[in-house]
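Novice: Take this sequence and fold it.
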Amino acid sequence: MVQAPVIPDGGIAMTARGLIIAAPHSGAGKTTVTLALMTALKRRGVAVRAAKAGPDYIDPAFHAAVSGNASVNLDSWAMAPALLDALAAQAATGADVVVIEGVMGLFDGAAGPAGRRGATADLAAHFHLPVVLVLDVGRQAQSAAAVLRGFATHDSAVRIAGVILNRVGGERHRALVADAIAALDIPLLGAIPREAALALPERHLGLVQAGEQADLPALIDRFAATAERRLDLDAIMTIAAPFQPAAAIERPRRAPALPPPGQRVALARDRAFSFVYPHLIEAWRRAGAEIMPFSPLADEAPPASADSCWLPGGYPELHAAALAAAHCFSAGLRRFAQTRPVHGECGGYMILGEGLEDAAGQRHAMVGLLGHATSFAARKLHLGYRTARLLCDSVLGREGTRVHGHEFHYASLTSAGFDEPFAELAGSEGRPPEKAGGRRGRVTGTFFHAIAAAET
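Specialist: Residues are numbered from 1 along each chain as shown. Purely as a prediction, here's the structure:
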């Protein structure tokens, strides 16, 4: 059972060590290496916890499946330093070692000041943690040494403490790369072969979710067996550095996240609606809110005793026909919205509209509490950090409140409808704000995923 996270108030003696698994680019194998390393260490009796750099719902679920503990997101762009430190202290509590999985390439991030770009390197510098770089050498050999040299010297505040080779073609290939990097004085911590059996299945928003993979335990066992054979676990543990976030040794004010959307929150939770950040749920619980899960896919209406309803993101486009046929859910949600607030994020926003067109171009009627319609047939990537300025009082805050978050979806609006906009969204790249989302009565929705209240 995954344990609910608890953020310490401060003054806690921490003994955890930590390290960061990063790579030069996305798709190099960070998640596979992270899961393999965590499982192998757990088999040794090491209390291992995980965290994920940046905005991501999917990888932390795999971390939790391996460690048995919630994996927090650490986002230097969206989170105030106090919240970042508090969540890092949460990850370190009760752990022997904390493994932080990076996002994209090590130095990739948004435009912004140093240390606040959402890059994995920001976390390495902020927490003084060593980086283990995963190099995908599937299409190169000695050139990997040049890549490693560049990453090791790019930023003096970021220390590359070791390297793991991934997708190695054989012993001769491994030896060629190892000989080339030997002159760099960066330890080679292991080499993982190129095997289809070590790959995780993917879909349009990333990996197929952990809860949907019936063979996940067997897959994780294969990862662990590979780590035990191919990685120098003793050397990796030696590289890990003391991990003492400021919140563990100081007593800062409570870090801001978001206020709870109600005292009793009806939360859609199933395969279609699973994108909820653990730090938000915990913040709501700390504030005294009760979380009441229900399943639209099982044709369940929001609990009648709840006083607000939150419809998170996920994959409604994969279940559009089932959702259209969930008449108890849709009727119950309409009744609920007559007297209490309902908010939809991304996938939740899509089902609040009039219709959803699936990948095959088939239109399915949705709940119709807002007037827009969406389509997944002509996919277009919408990706990036956003700051929302709320245009009305809502479950996210009072009118004028600024909230940091992101967008990541392939669906597009086919009809904007005639509802009033919910928020002004400004991108991290400095483009002018644009009005987005919709509001009607007590119902609000947007493609925007909220992460934390902006600093005032």
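
Novice: What separation do you get for the residue lying closest to G94 once chain neighbours are set aside and F62?
Specialist: With CB to CB, 6 or more residues apart in numbering as the criterion, G94 has its nearest non-adjacent residue at 6.3 Å, and that residue is A47. All C-beta spots, glycine's among them, are computed from the backbone N, C-alpha and C. From A47 across to F62, the span is 18 Å (CB to CB, to the nearest Å).

Novice: neighbour-wise, which of those two wins?
Specialist: F62 (27 against 16; other CB atoms under 10 Å).

Novice: The helix or strand hosting the more buried one packs against which elements?
Specialist: F62 is part of helix 58-67, with elements assigned from DSSP states H and E. Counting contacts by 3 or more CB pairs under 8 Å, 6 or more residues apart in numbering; DSSP states H and E, helix 58-67 is packed against helix 30-43, strand 48-53, strand 206-207, helix 216-230.

Novice: What separation do you get for the residue nearest to G94 and A304?
Specialist: From A47 to A304 the distance is 42 Å (CB to CB).

Novice: Next, the buried residues of stretch 133-141.
Specialist: L133, V134, L135, D136, V137, Q140, A141 (16 or more other CB atoms under 10 Å).

Novice: With pLDDT, distance to A268 and secondary structure as added columns, please give these in TSV.
Specialist: Listed next are those as TSV, based on pLDDT from 0 to 100; distance: CB to CB, whole Å; DSSP: H, G, I helix; E, B strand; the rest coil:
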residue	pLDDT	distance to A268	secondary structure
L133	98	39	strand
V134	98	35	strand
L135	98	40	strand
D136	96	37	strand
V137	97	43	coil
Q140	96	45	coil
A141	97	49	coil
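
Novice: Next, the contact list for the residue lying closest to G353 once chain neighbours are set aside, please.
Specialist: Excluding its sequence neighbours, the residue lying closest to G353 (CB to CB, 6+ apart) is H372, at 4.3 Å. Neighbour list for H372: G353, E354, L413, S415, A416, G417, D419, G438 [criterion: CB atoms under 8 Å, 6 or more residues apart in numbering].

Novice: And this structure, split by domain according to the record?
Specialist: The chain is divided into the following domains under automatic domain parsing: 17-249, 264-453.

Novice: Among these, which comes closest to A257?
Specialist: domain 264-453 (3.7 Å; CB to CB).

Novice: Spatially central residue in the chain, please.
Specialist: D56 (1.7 Å; CA atoms, centre = their mean).

Novice: And that one, how close does it get to H25?
Specialist: From D56 to H25 the distance is 16 Å (CB to CB).

Novice: so where is the stretch 1-150 of the chain shaky, pLDDT-wise?
Specialist: 1-14 (pLDDT under 70).

Novice: What segments of it are helices?
Specialist: 30-43, 58-67, 81-92, 120-127, 143-153 (DSSP state H, counting those that start in this stretch).

Novice: Redo these as CSV? Include distance to L396.
Specialist: Below are those laid out as CSV (distance: least, CB to CB, whole Å):
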stretch, distance to L396
helix 30-43, 30
helix 58-67, 22
helix 81-92, 16
helix 120-127, 25
helix 143-153, 38
